[in-house]
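Trainee: I would like to see how this sequence folds:
(one chain, ligands or ions: 1)
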Amino acid sequence: MVGVSVLGAVRPAGQAAGSDGARLAVGEWAYFEGRIVPFRDATVSIATHALNYGTSIFEGIRAYRQDDGGLALLFALEHYRRLLRNGRLLRASVPETAERLVDITVELLRRNGTSEDQYVRPLLYKSASSIRLQLSGLDDRISIFSFPLGDYVPTDGLRVTISAWQRVDDNAVPARGKISGSYVNACLAVEDAKSAGYGEAILLTSDGHVAEVSSANLFVVHDGVLATPPVSDDVLPGITRNAVLGLARDLGYPVSERRIDRTELYTADEVLITGTGVQIAAVASIDDRPVGQPGGPVTSRLQEAYFAAVRGRHPGYQGWLTRV
Ligand SMILES: Cc1ncc(COP(=O)(O)O)c(C=O)c1O
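Mentor: Here you go, the predicted model:
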């Protein structure tokens, strides 16, 4: 195991944590430059294009402990398909296929030999040493590492605020791309939210509609009907968002993807956020206005079904999982 900060920079084992104080242990092995190598050897030059300009795309994949003690990856193929598809935005080209990346991840988790819940971090990055402001003609590589992760945020009632920072616009840096550089936008919003005592930040589009939370999609519930902003409103088309749309339909709730006004947040019966990291989390208040029924019946039924499915306890959703 190697010491690392969940919110900060990777540090060698034994070195003090930064001001965020959140330390965790990354797996001993990582995928780097086409091979599984010791994590400490997976390093890049300071001249790397991606480090200088944020020209990389990342994913976050969870692996959940199953009842028999083994691990299963959640939506692994969907995450790698999204990674490679988004790579086209950066004119990236790598030899690995999505299927091969799933196999590599399974192998990596086996080598890291843990049965705790894991978070897997794949990165597709411009690996060339170059300061040129261009995308083509630069080498691309994929790296993957993993570390244990429990709940990223409390799932039973988060205090959130609407950020003064606007969500990046599709014509500036595509929000749908999971492009590393664009996450400065999320960091600015979360930094301000946390300094003001909130757990998360909701970002609005440049024309003032609800987009999403820093690293999660958002749903409102009015009179038993779920609504979430359309992907054309500068949101990441979340894989969990998609799963929740399916779960909601299966549970008999009407769902719609439509523009959401800011004031609908204040009048909703329930507000919930979804993402690989946050899973399904209930929102308790927005800008100190209590949500009608935080973690109310719709949120709690969705959570129940989701958390059963990720642990392999829901026969209808076994297809979400890849056994390690
Ligand atoms: C900006 C943003 N929105 C939404 C999500 C949720 O996406 P997913 O459910 O695919 O993890 C994430 C996390 O990946 C994110 O970074």
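Trainee: shouldn't Val283 be in contact with Pro294?
Mentor: Yes. Val283 lies in contact with Pro294 (C-beta atoms under 8 Å); the separation is 6.6 Å. Any C-beta I mention is one placed from the backbone N, CA and C, and that applies to glycine too.
Trainee: who's more crowded, those two?
Mentor: Val283 (27 against 19; other C-beta atoms under 10 Å).
Trainee: Please, which helix or strand holds that one?
Mentor: strand 279-286 (DSSP states H and E).
Trainee: Indicate each strand paired with the very next helix or strand once past that strand and its parallel or antiparallel sense.
Mentor: Along the chain past strand 279-286, the next helix or strand (assigned with DSSP H and E) turns out to be strand 289-290. Take DSSP bridges as the rule and strand 289-290 pairs in its sheet with strand 279-286 (antiparallel).
Trainee: hmm, who's touching the partner strand?
Mentor: Residues from elsewhere that reach strand 279-286 (C-beta atoms under 8 Å, 6 or more residues apart in numbering): 151-162, 202, 216, 240, 244, 265-266, 270-274, 290-291, 294-296, 299-300, 302-303, 306-307, 310.
Trainee: do the same with stretch 292-299
Mentor: Residues outside stretch 292-299 that contact it (C-beta under 8 Å, 6+ apart) are 156-157, 221, 224, 226, 248, 253, 267-272, 280, 282-285, 303.
Trainee: Check stretch 303-310 too.
Mentor: For stretch 303-310, the surrounding residues in contact (C-beta under 8 Å, 6+ apart) are 62, 64, 72, 74, 155, 243-244, 247, 250-251, 279-280, 282, 295, 314, 316-317, 320-321.
Trainee: hmm, try it at 7 Å
Mentor: Contact with stretch 303-310 is made by Tyr64, Leu74, Thr155, Leu247, Leu251, Gln279, Ile280, His314, Tyr317, Trp320, as judged by C-beta atoms under 7 Å, 6 or more residues apart in numbering.
Trainee: Any of those residues buried? List them.
Mentor: Buried subset of the contacts of stretch 303-310 (neighbour count, 16 or more other C-beta atoms under 10 Å): Tyr64, Leu74, Thr155, Leu247, Gln279, Ile280, His314, Tyr317, Trp320.
Trainee: ChimeraX command for the buried members of the contacts of strand 279-286?
Mentor: Selecting only the buried entries of the contacts of strand 279-286 in ChimeraX, with 16+ other C-beta under 10 Å as the criterion:
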select :152,153,155,157,158,159,160,161,162,202,216,240,244,265,266,270,271,272,273,274,291,294,295,296,299,300,302,303,306,310
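Trainee: So which of the contacts of strand 279-286 are in helices?
Mentor: Counted as lying in helices by DSSP state H, out of those, are Thr240, Val244, Leu265, Tyr266, Thr299, Ser300, Leu302, Gln303, Tyr306, Phe307, Val310.
Trainee: Now for the second one: which residues touch it?
Mentor: Right, the one you point to is Val244. Shown in contact with Val244 (C-beta under 7 Å, 6+ apart): Phe219, Thr274, Ile280, Leu302.
Trainee: Nearest to Glu191 among these?
Mentor: Thr274 (22.4 Å; C-beta to C-beta).
Trainee: and the gap between that closest one and Ser129?
Mentor: Distance of Thr274 to Ser129, computed by C-beta to C-beta, to the nearest Å: 38 Å.
Trainee: how about the strands in the stretch 101-250 of the chain?
Mentor: 118-126, 140-148, 158-166, 200-204, 210-213, 217-222, 225-228 (DSSP state E, counting those that start in this stretch).
Trainee: can I get these in CSV with distance to Ile179 and mean pLDDT?
Mentor: Listed next are the strands of the stretch 101-250 of the chain as CSV, based on distance: least, C-beta to C-beta, whole Å; pLDDT from 0 to 100:
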stretch, distance to Ile179, mean pLDDT
strand 118-126, 10, 98
strand 140-148, 13, 97
strand 158-166, 17, 97
strand 200-204, 15, 98
strand 210-213, 15, 98
strand 217-222, 17, 98
strand 225-228, 22, 98
